[in-house]
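Student: Give me coordinates for this.
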Amino acid sequence: MSLIFYDQNLKNKGEIFSKFVNLEVLEMQADPSIYYLDDFEIPSEIRNLKKLKKISVLNFPLKFFPEWIFEIKSLQYLMLRVTDITEIPDSIYRLEKLKTLRVENCKLNRIPKTLNQMKNLKVLGLSDTVLTDFSISLFPQNLKEINFSGTGVYKKEDLEHLKAKMPRTRIYP
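Tutor: Coordinates of the predicted model:
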């Protein structure tokens, strides 16, 4: 299901999602004009969609990573793109089936210390973020790909060091 929102806060629209119990893919995109909404929220009722495998969220004025996402145990793909998110909560490791995590085009400034516990994570998208810590201990060793492309705010030597320590992982700037 793809949803496009114009000039509307979803904060009190959760009952809509309770009707889609068999939904596996949810893609939501908002018009950038909603960025004036200070108390914007994605409905937490989405956590009740137990068959959901993929969530894509684009152009939403989210200031915080929605904690209720960690209750969706079937989730394999999560993309939060063009948001105001600055950090991923340490509880991200609870998404045990997650294979792809893309938190892109936002002010993300740190990777949670628990990310390295995510044994099924294969693809990590961090394009257009402002990360500065590239410690090898932060990344799961089973990653196939990390994408840092975009703004180029990263130091080349940091990425080269990461590439040397993770030779089986494709690392893109």
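Student: Would you mind listing where the protein has pLDDT under the threshold?
Tutor: For the chain, the stretches with pLDDT under 70 are 1-11, 35-39, 152.
Student: Going along the chain, name the helices of it.
Tutor: With DSSP state H as the criterion, the chain has helices at 156-165.
Student: how about Thr132, what does it touch?
Tutor: Asn109 (C-beta atoms under 8 Å, 6 or more residues apart in numbering). C-betas here are computed from N, CA, C, even on glycine.
Student: if you set the cut-off to 7 Å instead, what comes out?
Tutor: Counting by C-beta atoms under 7 Å, 6 or more residues apart in numbering, Thr132 touches no other residue.
Student: go on, Phe70?
Tutor: Ser91, Arg94, Leu95.
Student: The spatially closest residue to Met118 that is not a sequence neighbour - how many residues pack around it?
Tutor: Among residues not flanking Met118 along the chain, Pro140 sits closest, at 5.1 Å (C-beta to C-beta, 6 or more residues apart in numbering). For Pro140, the neighbour count with other C-beta atoms under 10 Å is 18.
Student: again, but for Ile46
Tutor: By the criterion of other C-beta under 10 Å, Ile46 has 23 neighbours.
Student: okay but it is in contact with Ser18, surely?
Tutor: No. Contact criterion C-beta atoms under 7 Å: Ile46 and Ser18 do not qualify, at 9.4 Å.
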